[in-house]
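Engineer: show me how the following folds:
(chains A and B)
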Number of protein chains: 2
Amino acid sequence: MRENTAGAPVLPASPTRGRLRPLGLDEVRITGGFWARRRHVNATATLDHCRDWMQRVGWIGNFRAAAEGRIPRDRTGREFADSDVYKLMEAMAWEGGHDAETAALTETIAPAQEPDGYLNTAFGRPGQQPRYSDLEWGHELYCYGHLIQAGVAQIRARGEGELAKIARRAADQVCAVFGRGGIERVCGHPVIETALVELARATGEQRYLDQAALFVDRRGHGTLAEIEFGRAYYQDDVPVRAAKSLRGHAVRALYLASGAVDVAVETGDEALLAAVVRQWEAAVARRTYLTGGMGSHHRDESFGDDFVLPPDRAYSETCAGVASVMLSWRLLLATGEPRFADLAERTLFNVVATSPSEDGRAFFYANTLHRRRRGAVPAVDADSPRAESSLRAPWFAVSCCPTNVARTLAQLPAYLATVDDHGVQLHQYADAEIATGGLALSVRTDYPYGGSVAVRVDRTPDRPWTLSLRVPDWTRGDTAWLTAPDGSRRAVAPGTAAITRVFRPGDEIRLDLPVRPRWTVPDPRVDAVRGTMAVERGPLVYCAESVDLPNGHDVDAVRADPSTAPQDGPGDTVVVAGDTTAYDAQPDDFWPYRPLDAPSGPQAAQPAGIVLVPYHSWANRGPSTMRVWLPTPGSPPGDTDDDR
Amino acid sequence: MRENTAGAPVLPASPTRGRLRPLGLDEVRITGGFWARRRHVNATATLDHCRDWMQRVGWIGNFRAAAEGRIPRDRTGREFADSDVYKLMEAMAWEGGHDAETAALTETIAPAQEPDGYLNTAFGRPGQQPRYSDLEWGHELYCYGHLIQAGVAQIRARGEGELAKIARRAADQVCAVFGRGGIERVCGHPVIETALVELARATGEQRYLDQAALFVDRRGHGTLAEIEFGRAYYQDDVPVRAAKSLRGHAVRALYLASGAVDVAVETGDEALLAAVVRQWEAAVARRTYLTGGMGSHHRDESFGDDFVLPPDRAYSETCAGVASVMLSWRLLLATGEPRFADLAERTLFNVVATSPSEDGRAFFYANTLHRRRRGAVPAVDADSPRAESSLRAPWFAVSCCPTNVARTLAQLPAYLATVDDHGVQLHQYADAEIATGGLALSVRTDYPYGGSVAVRVDRTPDRPWTLSLRVPDWTRGDTAWLTAPDGSRRAVAPGTAAITRVFRPGDEIRLDLPVRPRWTVPDPRVDAVRGTMAVERGPLVYCAESVDLPNGHDVDAVRADPSTAPQDGPGDTVVVAGDTTAYDAQPDDFWPYRPLDAPSGPQAAQPAGIVLVPYHSWANRGPSTMRVWLPTPGSPPGDTDDDR
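Structural biologist: As a prediction, this is how the structure comes out:
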């Protein structure tokens, strides 16, 4: 219904082609509910928290030290520390209202940029490694990518300012050095690809797109060194067009795939788009946690082989969740297919929303699905290890996740709806006001705790158009209902429910989704959760947390009885039948394996209700143990529970 | 029946106290069977292989470069590369017959030792970090530990020579620098502790024991830095006496525990011994793989939490298997309890024997229990990543395992038998000749493929003594028989079977162990293998390997039927009922999780026999997939297989 124009505040990706067109932050507002609360905390607490920590640990000061010739002596943080400052600035741009802080940060950064546009506090100065001498681990182009994304956010949100100019000079440096005939290699950590395409979109400059396309096509040809994790770690093992699934470091894989979609859409490269869709399908069908989380290896933060999805060693990095939403969003825009919004929803509610604490000042870096041990309380005044805790930590030595959550929440309204030549599509449900061109809608919902979505037409052109609503895949096996403005009601299947008509102001369309607790069974090839089930309710994954168990029991004692349907409990809880007493007073055997016919197994159980809470809310009540997948009777064979 | 004497060829640990006394390599010979074959390959292929690789990759040359002032320029390998040269020399000393090579290597090493005894090619020279400036990662005392162990082996096997003198000078350096009032810290990687106690035993010098005791007591007090893996990684989180279980990096934990036992035994410290026994019990009951393998985290090569034993992400490092045998052996000597020999047996047959290839020129570094993907063939002319392959590799960038296997196989005869004031104890079964004092025995057995062990008395004093035979714990639930020289037979329970009498030359004692295939069920708290069973036969763990499956099926398609007992198959194979066709032609769903009541699950199956092979023999027939734990019907609930 409208054309994108460069400079319009459209985000987080603004393709010039594709099936659907995104709306900007001036067109969609979230007005209440689940995400409004989180966005409020993000705007009022998380942004300041990130800035304060980066002042304190010196990552902002690195730029000053660089400009003043105090580097390497006074530099702090890992080689990619610059990028978190840029991600914070991107978040501030989308969030709005941070002009003074942005100006101050820009003034800090600007003097560190060298005359030819090079900008990185970790390389190239006396006493440092030379520029671009360690593409495997140096993260120089990765840092540029986040700088450029921040610049694009500024262009879209406020019009081009100083930060955008710094970003353009850096992008010009990249094109000059890494163009044809230059350094014909890639960066160990993708993200420059999406950034350059977005900069091309925001500025209309073709050469940035060309450079992004070069980077996408160069990868997979072994221009990076072989390392212990293998070249698959940075996707340099197989060309993007030839890969069968997502693999290697999850964030890298997902950023790269996002960049490949951007390039494919802008260049009309159907084969490249199809390759990424194929990889997404394979990864979602075989390498994705129930939460939408991706990446099962702690060692290298990478995808595992097919069906390697251990819940207790789930890495499921927060940044991989952010990156997965970026990819799904791009694929949704490119294809219009609701399955991409389905995965984005799952990932937003169960990974992105899980990471930050209620006060927005602590974060999960990894999002395990099974925590076996109450961890120590992370230090409030020191950075924490990134993966091993049962509580969120305020900051990490590698602290990519807090700023990534911040920029995602800041841009979240843009993910709710799109337009095309036929009308408006609602993909994610939240209380919202949507106004674009001659059309305005308001959405009221109790989502995700309830399934009622009411869309009121506030302003409408006097001609027929189509309102499309996603019917989530999680309604499969149950019934969703769509009520038209005339009160007529029809059952709608998972996918897209559409109403085409001449709408009138005041018309209300209502989608009723069957939000009730349900048992979910894993594919039997997911060895790590055989003989267990999970509970979901609407788009939310639930979990058992030790603080809700009677008599100080731990979650490893939980056994659930799936012969009874899970029931709604108090508040947002769910209650399942089961017990927690099977291991009471059972001493260890010498050896945890026994002959099939030897008597053993847990003690007789005392059935009781087990309270489950939404997974995203776990670990907000002190150190605890937690599990999503609940062992169920009948397994393993030979258990005395078989007789129950 | 005899006293240990310093200088006698007794190994691998020669306590001056303790319940049992070890025998030397001049007292026990392995004459045939399973271990004789592997020891032959070790002596004739592996030792040369290790030497050739360390020549080629420059680790031996490092010593020459150090002496000639070409360091750091010409140094190769990681910071602990020196240690593998020492471990090879230890293996050569135990193996015997390598005097010229040992002399040549000693001549290479000697000039690199500095006048004050310091010896390490990675630290302390111009252009290198200062000595002892990185105790967390520098491995300087670790390298000394292996040097000293090599020196002790030389003392025991050949009498003190040049290598032993180098080792003593290094040990003196350690005592001078790390004694009371010196650097009151520890090395990030334990092993110096066992080495110093052994040197004290071999030389009679108390100060080496005192220094070892200092190191044991100092650890756990946070003298090493906090790191991302936590101080538990190097056991510096909790004092040895206070720890509840083995934790952190598995090899470090097991070497440290071995050193603590050595100190406890030599100093009569019952509390320290009890602490290690308690940790061993907790780790064996909750943190040990069916194979005896220890360490379930790839990220930091560490133990996981209790019951975190993922088969497909088993690290089970070969060196942790070696270290576990070292610990169990020490605990067996200290206590006389057969459970320690039980675990050593399991670990020797299923970890230590698994690592080397049939030709002794390639090795597993990690010993996974489930390989899902055929890996590439490791390069024969370049070192390999340490953990990710379905084939053994000839050498690794971190190549601790080949030389550790070599030294273990070289000293293996010493693990078979011990003596005490009452007689002789047989702990491990192999064709062997045992002669000590006025007593000689010969053992003939088809172990581990058969369970018949015949012990003939060849020479005996003319007074009563006791022959004790371990009845393995794996016989539980079945019956073992002991036949006395007079032909009388009695059933014997797991533990120790003993006969006391005045033996006569020619007397034969016979132990018949019930070696037949059996189903084994895991503790239900081992989440990662719920709903599966394994097959064992005698001390051997079995596995399904893709090369034995019909129609190119992969092991992930295997489903076993435990309602039928496993049967002996051709050769050393076992056959179980089951099928491999459940996933034939089943396309992927969008999402690998489904509502409980949704129709799904594998296709109908075609029952067939599935051939299993001994786990230690897998991956000898080219790239393959493999699994130890076989999914069984009845799980997960809801599977169509339930009806079968």
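
Engineer: ok, now which ones touch A:V41?
Structural biologist: Contact analysis of A:V41 by Cβ atoms under 8 Å, 6 or more residues apart in numbering or on different chains lists A:P356, A:E358, A:D359, A:G360. To be clear about C-beta, it is placed using only N, CA and C from the backbone, and glycine gets the same treatment.

Engineer: before we move on, which element is it in?
Structural biologist: helix A:34-41 (DSSP states H and E).

Engineer: go ahead and name everything in contact with the next helix or strand after that helix.
Structural biologist: Sequence-wise, the next helix or strand downstream of helix A:34-41 (DSSP H and E) is helix A:47-56. With Cβ under 8 Å, 6+ apart as the test, helix A:47-56 has contacts from A:60-61, A:84-85, A:88, A:91-92, A:95, A:98, A:101, A:360-361, A:394-395, A:399, A:402-403, A:406.

Engineer: tabulate the contacts of A:V41 in a markdown table, adding columns for pLDDT and distance to chain B.
Structural biologist: Shown next, in a markdown table, are the contacts of A:V41 (pLDDT from 0 to 100; distance: Cβ to the nearest Cβ, whole Å):
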| residue | pLDDT | distance to chain B |
| --- | --- | --- |
| A:P356 | 97 | 22 |
| A:E358 | 96 | 26 |
| A:D359 | 96 | 25 |
| A:G360 | 97 | 25 |
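
Engineer: quick one: which of those residues is most hemmed in?
Structural biologist: Among the contacts of A:V41, the one with the most neighbours (other Cβ atoms under 10 Å in any protein chain shown) is A:P356, at 26 neighbours.

Engineer: go ahead and confirm that one touches A:T403.
Structural biologist: No. Using Cβ atoms under 8 Å as the test, A:P356 is too far from A:T403 to be in contact (11.5 Å).

Engineer: ranges for the helices of chain A?
Structural biologist: A:34-41, A:47-56, A:61-67, A:81-95, A:99-109, A:140-158, A:162-178, A:192-203, A:206-218, A:250-267, A:270-286, A:318-335, A:338-347, A:400-410 (DSSP state H).

Engineer: for A:W474, find the nearest of those.
Structural biologist: helix A:338-347 (7.6 Å; Cβ to Cβ).

Engineer: okay, the angle between the closest one and helix A:270-286?
Structural biologist: Interaxial angle, helix A:338-347 versus helix A:270-286 (axes from the mean of the first three to the mean of the last three Cα atoms, to 10 degrees): 50 degrees.

Engineer: ok, and what's touching helix A:338-347?
Structural biologist: Helix A:338-347 is touched from outside by A:280, A:284, A:288, A:291-293, A:321, A:324-325, A:328-329, A:331-332, A:415, A:427-428, A:470-474, A:494-496, A:539, A:541, B:590, with contacts defined as Cβ under 8 Å, 6+ apart.

Engineer: now do that helix: distance to the chain's middle.
Structural biologist: The chain centroid and the centroid of helix A:338-347 are separated by 11 Å under Cα atoms, centre = their mean, to the nearest Å.

Engineer: for the helix holding A:V41, what is the average pLDDT?
Structural biologist: For helix A:34-41, mean pLDDT rounds to 98.

Engineer: contacting residues around A:Y447?
Structural biologist: The contact partners of A:Y447, by Cβ under 8 Å, 6+ apart, come to A:G33, A:F34, A:Y429, A:A430, A:V453, A:L513, A:V515, A:G538, A:P539.

Engineer: between those, which has the most around it?
Structural biologist: Among the contacts of A:Y447, A:Y429 has the most neighbours (other Cβ under 10 Å), with 28 neighbours.

Engineer: what is the least confident helix or strand in chain A?
Structural biologist: strand A:593-595 (a mean of 90; mean pLDDT, DSSP states H and E).

Engineer: to A:D305, which of the helices of chain A lies closest?
Structural biologist: Closest approach to A:D305 among the helices of chain A is made by helix A:270-286 (8.5 Å; Cβ to Cβ).

Engineer: quick one: that closest one near chain B?
Structural biologist: Yes. On the criterion Cβ under 8 Å from any Cβ of the partner chain, helix A:270-286 is in touch with chain B at A:E281, A:A282, A:V284, A:A285, A:R286.

Engineer: measure the residue nearest to A:E107 when sequence neighbours are not counted to A:D172 for me?
Structural biologist: Once flanking residues are discounted, A:E107 sits nearest to A:E162: 8.0 Å by Cβ to Cβ, 6 or more residues apart in numbering or on different chains. To A:D172, A:E162 is 16 Å away according to Cβ to Cβ, to the nearest Å.
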